[in-house]
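Peer 1: Sequence first, then the predicted structure, then my questions.
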Amino acid sequence: MDNLLGVPPDVVLVHGPKKLMVSKYLWHSPDAGIVASYSPNERDVEDHFGVFREFDQIESFAQSTIVSCGAYIETIKQECSFADLKRNFVPVFTSVGQVNFYSYLELGDVFINIGQIKSYKFRQMVCDGRIYKVPAGLDLDEYFSNYNEERLLNYDLNDDFKLIAELQGITGRAIRTNNFK
């Protein structure tokens, strides 16, 4: 497996079905970063007037980036499956750096998380990135089929993508499950 394309997020992530906030991996380079999509559902916006909360946007970004990319790297390093990794490690936030929100997301909007890997050491990953609302009707698979690291690093997207948030210093670490017992 060269990257996460084609792997269902629920195979990679430990998050249960009620808190899984990644729909699909659209582009991934283990050395540079990832692009993943999500669309808020009824449960995500319940009691929030149809708006997908900013806190949940950060969670979706973290699942798409530090958790997914970190899990991928660890399965390669440890020569294990995602299921083995889930049994032995739990992802935790260790730091949320600066986050600026410019707009909001609603029920049914499709958005992408674009994350750039800034560092990875001792099962700890730091990512910076952006969240964009996707233009209606855009085929994301087709759009990102020719994406590359240079475009990722420059956040190169068509002008009809709407910038929702910029995130810096989103940090997480995989902690051994036996530390919780």
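Peer 2: That came in fine, so what should we check first?

Peer 1: What's the per-residue pLDDT of the spatially most central residue of the chain here?
Peer 2: Centroid-nearest residue in the chain: residue 64, 1.2 Å away (criterion: CA atoms, centre = their mean). What the model reports as pLDDT for residue 64 is 98.

Peer 1: Does it touch residue 27 like I think?
Peer 2: No - Residue 64 is beyond contact range of residue 27, at 11.2 Å (criterion: CB atoms under 8 Å). From N, CA and C alone the C-beta is placed, and that goes for glycine too.

Peer 1: and the next element down the chain from the longest helix seen in the chain?
Peer 2: Across the chain, the longest stretch assigned as helix under DSSP state H is helix 68-78. As assigned by DSSP states H and E, the chain's next helix or strand after helix 68-78 is helix 82-88.

Peer 1: Just the CA atoms of that following helix, as PDB, please.
Peer 2: Extracted C-alpha coordinates of helix 82-88, given in PDB (Å, rounded to 0.1, in the frame of the first residue of the first chain):
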ATOM      1  CA  PHE A  82      -4.700  -1.000  11.000                       C
ATOM      2  CA  ALA A  83      -6.600  -3.400  13.200                       C
ATOM      3  CA  ASP A  84      -3.400  -4.300  15.100                       C
ATOM      4  CA  LEU A  85      -2.600  -0.700  15.500                       C
ATOM      5  CA  LYS A  86      -6.100   0.100  16.900                       C
ATOM      6  CA  ARG A  87      -5.700  -2.600  19.500                       C
ATOM      7  CA  ASN A  88      -2.400  -1.200  20.700                       C
END
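
Peer 1: Let's see the following helix or strand past it as PDB, backbone CA atoms only.
Peer 2: Scanning forward in sequence from helix 82-88 by DSSP H and E, the next helix or strand is strand 89-95. Taking Å, rounded to 0.1, in the frame of the first residue of the first chain, the C-alpha atoms of strand 89-95 are listed here in PDB:
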ATOM      1  CA  PHE A  89      -2.700   2.600  20.400                       C
ATOM      2  CA  VAL A  90      -5.200   5.400  20.900                       C
ATOM      3  CA  PRO A  91      -4.800   8.800  19.200                       C
ATOM      4  CA  VAL A  92      -4.900  11.800  21.500                       C
ATOM      5  CA  PHE A  93      -4.800  15.600  21.000                       C
ATOM      6  CA  THR A  94      -1.700  17.100  22.600                       C
ATOM      7  CA  SER A  95      -2.000  20.600  21.200                       C
END
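
Peer 1: so for strand 89-95, what's the average pLDDT?
Peer 2: Rounded mean pLDDT across strand 89-95 is 90.

Peer 1: Packing partners of it?
Peer 2: On a contact count with 3 or more CB pairs under 8 Å, 6 or more residues apart in numbering; DSSP states H and E, strand 89-95 meets helix 68-78, strand 162-176.

Peer 1: Many thanks, we can stop here.
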